[in-house]
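Chemist: return a 3D structure for these sequence lines:
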Amino acid sequence: MASILTYGINASLYAALGATLARRLWRRDASPDPSPGWLHFALFVPLALQGWILYQDVLGQGAMYLGVGTALASIVWLSLLIYWGANFFYRLDGLQALVMPVAAVAALMPAFLPAIKPLTHVDAPYFRIHLTLSILAYSLFTIASLHGLLMAVLERSLHRGMPPAPLRNLPPLLTLEKLLFRIIFLGFVLLTASLITGMLFSAGLFGQALVLTHKTVFGILSWLIFGGLLAGRALRGWRGRLALRWTVAGFLTLVLAYIGSKFVVEILLGR
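Modeler: Residues are numbered from 1 along each chain as shown. Model prediction:
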């Protein structure tokens, strides 16, 4: 496990870069920049540092540890890493400025909410695949939720006139909407694969593919919500606030499925 100083340095880097980017975006003379600036490349430093920290926390103690704090930090880190890569193709500085304060807080989570016990059954078939797919799906749906909220703010500001400076450099709403549904579709594919590998893992370990636990019920419910959203988009052209409501509902259900259950078990029950 990394030291508290390392967590603090990582969080401070996120906070400093986020504040610098936000200040730059709020300048009245802010103009679109077609290429990533130095801030974008500087962000790779805390991303790389946190990647090393997460590796030490999860795998650096001779076993696999993944508590509430590490899970939250991993999801936010991977979300920001995906957006960092996407920013080479889409100008999404406004959303990065929104996510970096969250990343600064999440970077401290493993220090205050460490894993109590190592994960069991880590050598069982499909377990690591299931865990990796689950975290990837969580990260993409985290991005989708933040992306949808940003679109809602942008749409409302456009109706009222000139949007604030941080939103002026974003792509057009239609482009953002297409990107949103691509993210949701990819997240849905990963979530589907996660549920399948989870059932295969359960069948191999317990002899029963579907055990109706808290995690399973909410995981399937979130899969139905996102599947319904994609079907509504394809068949009825759902968009705007309706799509945002479904996205947020699916994301919150997914949070209850994994993070919620780990919080209850590890923090409230102390197991």
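Chemist: what domains does the record give for the protein?
Modeler: For the chain, the structural domains run 1-119, 120-271, going by automatic domain parsing.
Chemist: pLDDT weak spots in the protein?
Modeler: 1-2, 27-36, 91-94, 162-169, 205-212, 259-271 (pLDDT under 70).
Chemist: ok, which stretches of it are helices?
Modeler: 4-25, 38-42, 44-59, 68-86, 93-112, 127-160, 165-168, 173-206, 214-236, 240-255, 261-262 (DSSP state H).
Chemist: what is the first one packed up against?
Modeler: Yep, that's helix 4-25 we're talking about. If you count contacts as 3 or more Cβ pairs under 8 Å, 6 or more residues apart in numbering; DSSP states H and E, helix 4-25 packs onto helix 38-42, helix 44-59, helix 93-112, helix 165-168. C-beta coordinates here come from the backbone N, C-alpha and C atoms, glycine included.
Chemist: for T216, find the nearest of the ones you listed.
Modeler: Nearest to T216 among those is helix 44-59 (23.3 Å), distances taken as Cβ to Cβ.
Chemist: coming back round to it: let's have the domains of the chain in TSV, adding mean neighbour count.
Modeler: Shown next, in TSV, are those (neighbours: other Cβ atoms under 10 Å):
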stretch	mean neighbour count
domain 1-119	17
domain 120-271	17
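Chemist: returning to what we had before: L150 is nearest to which of the helices and strands packed on helix 4-25?
Modeler: Of all those, helix 93-112 comes closest under Cβ to Cβ, at 5.4 Å.
Chemist: tell me the angle the closest one makes with helix 173-206.
Modeler: Angle, helix 93-112 to helix 173-206, by axes from the mean of the first three to the mean of the last three Cα atoms, to 10 degrees: 30 degrees.
Chemist: residues touching A115, list them.
Modeler: Shown in contact with A115 (Cβ atoms under 8 Å, 6 or more residues apart in numbering): D57, Y65, L66, G67, G69, T70, E266.
Chemist: closest to P101 out of those?
Modeler: Nearest member of the contacts of A115 to P101, counting by Cβ to Cβ, is G69, at 17.2 Å.
Chemist: got phi/psi on the nearest residue to that closest one once chain neighbours are set aside?
Modeler: Nearest residue to G69 in three dimensions, chain neighbours excluded: L113, at 3.2 Å (Cβ to Cβ, 6 or more residues apart in numbering). Note on L113: backbone dihedrals following degrees, to the nearest 10 are phi -130, psi 60.
Chemist: again, but for the one 5 residues further on
Modeler: The phi/psi pair for P118 (degrees, to the nearest 10) reads phi -70, psi 160.
Chemist: which ones are touching L136?
Modeler: Taking Cβ under 8 Å, 6+ apart, one finds L78, L190 in contact with L136.
Chemist: gap between the residue nearest to G69 and T120?
Modeler: Between L113 and T120 the computed distance is 19 Å (Cβ to Cβ, to the nearest Å).
Chemist: now L173
Modeler: L173 is 47 Å from T120, by Cβ to Cβ.
Chemist: show me the contacts for the closest residue to V99 other than its chain neighbours.
Modeler: Nearest non-adjacent residue to V99, counting by Cβ to Cβ, 6+ apart: L80, 5.4 Å away. By Cβ under 8 Å, 6+ apart, the contact set of L80 is L43, L47, Q96, V99, M100, A103.
Chemist: ok, the last one touching L78?
Modeler: No: counting by Cβ atoms under 8 Å, A103 does not reach L78; the two are 10.6 Å apart.
Chemist: contacting residues for the residue lying closest to L186 once chain neighbours are set aside?
Modeler: Setting aside the residues directly before and after it, L186 is nearest to L140 in space (Cβ to Cβ, 6+ apart), at 5.8 Å. For L140, the contacting residues are S79, I82, I183, I184, L186, G187, L190, by Cβ under 8 Å, 6+ apart.
Chemist: same thing but 10 Å
Modeler: Each residue near L140 by Cβ atoms under 10 Å, 6 or more residues apart in numbering is listed here: 75, 78-79, 82, 182-191.
Chemist: possible to save the residues you listed as JSON lines with distance to A144?
Modeler: Below are the contacts of L140 laid out as JSON lines (distance: Cβ to Cβ, whole Å):
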{"residue": "I75", "distance to A144": "13"}
{"residue": "L78", "distance to A144": "13"}
{"residue": "S79", "distance to A144": "10"}
{"residue": "I82", "distance to A144": "11"}
{"residue": "R182", "distance to A144": "10"}
{"residue": "I183", "distance to A144": "5"}
{"residue": "I184", "distance to A144": "5"}
{"residue": "F185", "distance to A144": "10"}
{"residue": "L186", "distance to A144": "9"}
{"residue": "G187", "distance to A144": "6"}
{"residue": "F188", "distance to A144": "10"}
{"residue": "V189", "distance to A144": "13"}
{"residue": "L190", "distance to A144": "12"}
{"residue": "L191", "distance to A144": "11"}
